[in-house]
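A.B. asks: predicted model, plus sequence, below.
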Amino acid sequence: EDDDDAAMTTFATTTCTYHAFFKRYDVEFLTAATCCSLDVPLWFGDVAKTVARVELAESMARGDARCCIRVSQGATDASDNNSKVD
């Protein structure tokens with residue numbers, strides 16, 4: 001999904017091998033220890049907020065119907081240059 005007005009891109013999926021596997025064995029809570037649940041801080045944690053904002057907006061590990069990573073244009077205010085992600 002792209003939103004040109006907001007300079008945002010969304011990557012979403014409704015299938016997850018990890019979630020399906022853990023659900024089959026009734027240990028869905030383990031999904032939070034794998035895959036997208038860790039990807040945002042691991043891969044994008046050092047990206048300055050003036051460059052881009054990356055967030056895990058929805059997660060099957062948290063009970064959502066899909067996983068959704070949103071990437072949007074960075075903040076224009078230089079004072080908001082923390083390298084932490086949401």
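C.D. replies: Structure's in. What do you need?
A.B. asks: hey, let's count contacts and neighbours off CA atoms from now on
C.D. replies: Will do.
A.B. asks: centre of the protein to the edge, which residue is at the far end?
C.D. replies: The C-alpha centroid of the chain is most remote from residue 25, which lies 24.9 Å away (Cα atoms, centre = their mean).
A.B. asks: distance of the nearest residue to residue 14 once chain neighbours are set aside from residue 12?
C.D. replies: Closest residue in space to residue 14, ignoring its immediate chain neighbours: residue 66 at 4.4 Å, by Cα to Cα, 6 or more residues apart in numbering. Per Cα to Cα, to the nearest Å, residue 66 is found 7 Å from residue 12.
A.B. asks: swap in residue 36?
C.D. replies: 11 Å.
A.B. asks: pull the number of nearby residues for the residue nearest to residue 73 when sequence neighbours are not counted.
C.D. replies: Among residues not flanking residue 73 along the chain, residue 52 sits closest, at 4.9 Å (Cα to Cα, 6+ apart). Per other Cα atoms under 10 Å, the neighbour tally for residue 52 reads 18.
A.B. asks: tell me who's in contact with residue 52.
C.D. replies: For residue 52, the contacting residues are 71, 72, 73, 74, 75, by Cα atoms under 8 Å, 6 or more residues apart in numbering.
A.B. asks: helices - which of these land there?
C.D. replies: In helices, judged by DSSP state H, none of the contacts of residue 52 are found.
A.B. asks: buried only: go through these for me.
C.D. replies: 71, 72, 74 (16 or more other Cα atoms under 10 Å).
A.B. asks: what about this protein, any weak spots by pLDDT?
C.D. replies: 1-6, 77-86 (pLDDT under 70).
A.B. asks: what are the ranges of the strands in it?
C.D. replies: Here the chain has its strands, by DSSP state E, at 2-3, 8-13, 52-58, 67-73.
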